[in-house]
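S.K.: 3D, please:
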Amino acid sequence: MHIIQRGNNRNNCFFTTSDYLVYLDLLRRSAAGAGCRIHAYVLMTNHIHILASPEQESAPANMMKAIGERYVQYVNQRYNRSGTLWDGRYKSCLVQDETYLMVCHRYIEQNPVRAGMVTHPSLYQWSSHRCNAYGNADQLITPHPIFTSLGSDDFARALAYRALFAERLSDRELAELRDATNYNYTFGNAAFAEKMSQSLGRQVARVSETMRSKKK
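M.R.: Okay, here's the model as predicted:
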């Protein structure tokens, strides 16, 4: 599941280094408590992205509720403010494995580059890229089986993962993933969308023509 949450009116959510550290600690504890395995993340100044595998359907909502409440309390106390910090409930989409999962990895970790904050994802401190691409220790990250299948050992996996970042995502891929997340659709091929529609009892369309063509 790809999760995004923005600051209210797109205002900043993080102001100092300690704010990022507090959020990451809350994310680690809340994910463990709710039963979510975190595969990738990035903390931008006014929003966050998380890629997670929940153990049960309610896990993402429980995780985000716990983080949201505790982090808002922390920010309000630290900066002598009151009121909300987030722009409503988080948004999310279900992500199919294989090609789609790695696209989401790249989307999340390339976010600071697209924002013009750094020239390479490894230069941004508040993301999972240094862990996934270079093996740096990060207690938050649990590798997805698709990630571990990239190579026979840690070195080979990191090398293969870095190779995925040789090119940036296309405009079509960016638009499709954003659309899926904003409207709670699936990010995957037609078969995956149909399977999830039947499982959830609702339409989860907007199938990626670009991704579908890759499966042919």
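S.K.: And the helices in the chain?
M.R.: 17-34, 59-78, 99-109, 111-114, 129-134, 145-148, 154-163, 171-182, 190-200, 209-215 (DSSP state H).
S.K.: Could you say which of those helices is packed most deeply?
M.R.: Ranked by mean neighbour count under mean count of other Cβ atoms under 10 Å, the helices of the chain are led by helix 99-109, which reaches a mean of 23. (Glycine included, C-beta is placed from N, CA and C.)
S.K.: can you give me how far it is from the chain middle?
M.R.: With Cα atoms, centre = their mean, to the nearest Å as the basis, helix 99-109 stands 9 Å off its chain's centre.
S.K.: for the residue positioned nearest the centre of the chain, what are its contacts?
M.R.: Central residue of the chain (Cα atoms, centre = their mean): residue 50, 2.5 Å from the mean position. Going by Cβ atoms under 8 Å, 6 or more residues apart in numbering, residue 50 touches 2, 3, 4, 27, 38, 40, 41, 108.
S.K.: Residue 140 and residue 72, how far apart?
M.R.: Note on residue 140: its distance to residue 72, by Cβ to Cβ, to the nearest Å, is 20 Å.
S.K.: and what of residue 35?
M.R.: Separation of residue 35 from residue 72 (Cβ to Cβ): 23 Å.
S.K.: One more: residue 159?
M.R.: The value you get for residue 159 to residue 72, if Cβ to Cβ is used, is 40 Å.
S.K.: where are the low-confidence patches of this structure?
M.R.: Along the chain, segments meeting pLDDT under 70 span 188-216.
S.K.: please redo it, this time with the cut-off set to 80
M.R.: 97-99, 183-216 (pLDDT under 80).
S.K.: Let me know the outermost residue of it.
M.R.: Outermost residue of the chain (Cα atoms, centre = their mean): residue 80, 29.7 Å.
S.K.: and which of the contacts of residue 50 is nearest to residue 153?
M.R.: Nearest to residue 153 among these is residue 40, at 20.5 Å by Cβ to Cβ.
S.K.: Just give me the neighbour total for the closest residue to the closest one other than its chain neighbours.
M.R.: Of all residues not flanking residue 40 in the chain, residue 51 sits nearest, at 4.1 Å (Cβ to Cβ, 6 or more residues apart in numbering). Using other Cβ atoms under 10 Å, residue 51 has 22 neighbouring residues.
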